[in-house]
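Participant: Predicted coordinates and the sequence they were generated for:
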Amino acid sequence: MIPVSQPCLGFLERLLVNDCLDRGWLTYGPMVQRFERELAERLHVRHALATSNGTTALHVALVAAGIGPGDEVLVPNLTFVATANAVFYTGSRPVLVDVDPVTWCMSPTDAACKITPRTKAILPVHLYGVPCDMRGLQELADIHKLLIIEDAAEGLGGDHDGLPLGTLGHAGIFSFFGNKILTTGEGGAVVTNDDKLAERVYLLRGQAVDPARRYYHPEIGFNYRMTDLQAAVGIGQLSHLDQMLARRRDIFRLYQERLCYYGSASCTRPGVAPWLYTLLLHTSARRDDLMTWLSGQGIETRPAFVPLSRLPMYRQADSLFPVSCHIGDNGISLPTFPDLSFEDVDRICDAVVTRLETS
């Protein structure tokens, strides 16, 4: 079976993990601090603060930014559920926004219609690594004096107007889950150029322990720190990130050359982080039939995210979110990872074309 994704691990990852084991330092320590420095340098930001996963990164970033009960945060309707859940954890309300039909990311036009006096922040998601319309969202934020916290969980290696995704707002977050462009197994990070925000994230992620007084906690914090074992993998991943990105982009190009006739893919836009090549077919029946067919051919796929408005806790009418519901019904992600051979890409494309032309 060709999986949708699998991590690309090299010699350095193993060497650094073994170093952690040899030293007996398995929790937060020097490897995390090194990973944070190297990630900040890579993204050209002053601060990178590693966390236990992308969801905790988003939660602690929101809390550190002052988001809390009574506030509203704009969230795209098409995203992984953690985006909205992290807002809910703060006691604030996620307000769902439909997505743009070209980028599949938050629509500034619909976002403008959802702003109320309670709106405190915009939480754009660079879905499947595709950059949001950050200019349009920044204009809204400037007019209404809103914070922007980017969910770049899928966006490492992408850019918007030459700036790395995740670095265009007040803060950005990344996920380093096993299927992401860079992995630490589980893991995440908050990145920012705001010194005060970084100080708050640093305090809150470690149970808010007073740096000047041991075991004294002036407020409620969280246990959201990354471990040295995770960071060791991340340092190794950073060492060959450019090669992994280049390989992923080659895979994207091959897919696009072979499959552009059969459906649209937002990942053809400039600045994309090549996470998962996702094709939009014309009907959900064709999408579901293709997924079943490919599974029988030994090829794993995954459907587009279920729109948040269709989940029990965030349910709203489909008519309010026509674009995100259309993509959720018809999107299919194909295997995308650096160790995927070009022969396997050809095999996948042959299988896709065969089914779409005969069904």
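Facilitator: The structure has been received and is ready for your questions.

Participant: what residue ranges in this protein score low on pLDDT?
Facilitator: Under the criterion pLDDT under 70, no range of the chain is flagged.

Participant: how about the strands in it?
Facilitator: Under the criterion DSSP state E, the chain contains strands at 47-51, 72-76, 93-97, 119-122, 147-151, 159-160, 163-164, 171-175, 188-192, 277-280, 302-303, 331-334.

Participant: Which strands or helices does the fifth one pack on?
Facilitator: If I follow you right, that is strand 147-151. Using 3 or more C-beta pairs under 8 Å, 6 or more residues apart in numbering; DSSP states H and E as the contact test, the elements touching strand 147-151 are helix 54-64, strand 119-122, helix 134-144, strand 171-175. Quick note: C-beta positions are derived from backbone N, CA and C, even for glycine.

Participant: wait, what's in contact with residue 73?
Facilitator: Neighbouring residues of residue 73 by C-beta atoms under 8 Å, 6 or more residues apart in numbering: 62, 67, 87, 92, 93, 94, 95, 119, 120, 121, 122, 123.

Participant: ok so, going back, just so I know, which of the helices and strands packed on strand 147-151 lies nearest residue 109?
Facilitator: Of all these, helix 134-144 sits nearest to residue 109, with 7.9 Å by C-beta to C-beta.

Participant: Centre of the chain to the closest one, how far?
Facilitator: Here helix 134-144 is found 21 Å from its chain centre; the criterion is C-alpha atoms, centre = their mean, to the nearest Å.

Participant: just stretch 318-334 next, same as before
Facilitator: Relative to its parent chain, stretch 318-334 has a centroid offset of 18 Å by C-alpha atoms, centre = their mean.

Participant: Thought residue 308 was touching residue 77, still the case?
Facilitator: Yes - in this structure, residue 77 is within contact of residue 308 by C-beta atoms under 8 Å, at 5.2 Å.

Participant: tell me, what's touching these two both at once?
Facilitator: Common contact partners of residue 77 and residue 308 (C-beta under 8 Å, 6+ apart): residue 96.

Participant: Residue 213: neighbouring residues, count only.
Facilitator: Residue 213 has 9 neighbours, counted by other C-beta atoms under 10 Å.

Participant: likewise residue 250?
Facilitator: Counted with other C-beta under 10 Å, the neighbours of residue 250 add up to 15.

Participant: Could I get the contacting residues of it?
Facilitator: residue 342.

Participant: ok, back up a step: ok, the contacts of residue 73 vs residue 172, which is closest?
Facilitator: Nearest member of the contacts of residue 73 to residue 172, counting by C-beta to C-beta, is residue 123, at 10.5 Å.

Participant: these two touch, right, the closest one and residue 88?
Facilitator: No - under the criterion of C-beta under 8 Å, residue 123 is not in contact with residue 88, lying 11.8 Å apart.

Participant: Return stretch 335-354 as CSV; C-alpha atoms alone will do.
Facilitator: Extracted in CSV, the C-alpha atoms of stretch 335-354 (Å, rounded to 0.1, in the frame of the first residue of the first chain):
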residue,chain,number,x,y,z
PRO,A,335,0.1,10.5,-1.6
THR,A,336,2.7,13.2,-1.1
PHE,A,337,6.0,12.6,0.7
PRO,A,338,9.7,13.0,-0.2
ASP,A,339,10.4,9.3,-0.4
LEU,A,340,7.6,8.7,-2.9
SER,A,341,9.3,7.6,-6.1
PHE,A,342,8.5,9.2,-9.5
GLU,A,343,7.5,5.7,-10.7
ASP,A,344,5.0,5.5,-7.9
VAL,A,345,3.6,8.9,-8.8
ASP,A,346,3.2,7.7,-12.4
ARG,A,347,1.4,4.6,-11.1
ILE,A,348,-0.9,6.7,-9.0
CYS,A,349,-1.7,9.0,-11.9
ASP,A,350,-2.3,6.1,-14.3
ALA,A,351,-4.8,4.6,-11.8
VAL,A,352,-6.5,8.0,-11.3
VAL,A,353,-6.8,8.6,-15.1
THR,A,354,-8.0,5.0,-15.8
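
Participant: Give me the contact list for that stretch.
Facilitator: Counting contacts by C-beta under 8 Å, 6+ apart, the residues outside stretch 335-354 that touch it are 2-8, 243-244, 247-248, 250-252, 254-255, 258-259, 262, 274-277, 279, 290, 293-294, 297, 299-301, 334.

Participant: and stretch 30-44, C-alpha only, in PDB?
Facilitator: The C-alpha trace of stretch 30-44 is given here as PDB (Å, rounded to 0.1, in the frame of the first residue of the first chain):
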ATOM      1  CA  PRO A  30      19.100  21.800  25.400                       C
ATOM      2  CA  MET A  31      17.800  20.100  22.300                       C
ATOM      3  CA  VAL A  32      14.500  22.000  22.500                       C
ATOM      4  CA  GLN A  33      16.400  25.300  22.900                       C
ATOM      5  CA  ARG A  34      18.600  24.500  19.900                       C
ATOM      6  CA  PHE A  35      15.600  23.500  17.800                       C
ATOM      7  CA  GLU A  36      13.900  26.800  18.700                       C
ATOM      8  CA  ARG A  37      17.000  28.800  17.700                       C
ATOM      9  CA  GLU A  38      17.300  27.000  14.400                       C
ATOM     10  CA  LEU A  39      13.600  27.300  13.600                       C
ATOM     11  CA  ALA A  40      13.600  31.000  14.400                       C
ATOM     12  CA  GLU A  41      16.700  31.500  12.100                       C
ATOM     13  CA  ARG A  42      15.000  29.500   9.300                       C
ATOM     14  CA  LEU A  43      11.800  31.700   9.500                       C
ATOM     15  CA  HIS A  44      13.600  35.000  10.200                       C
END
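
Participant: Appreciated, that's everything.
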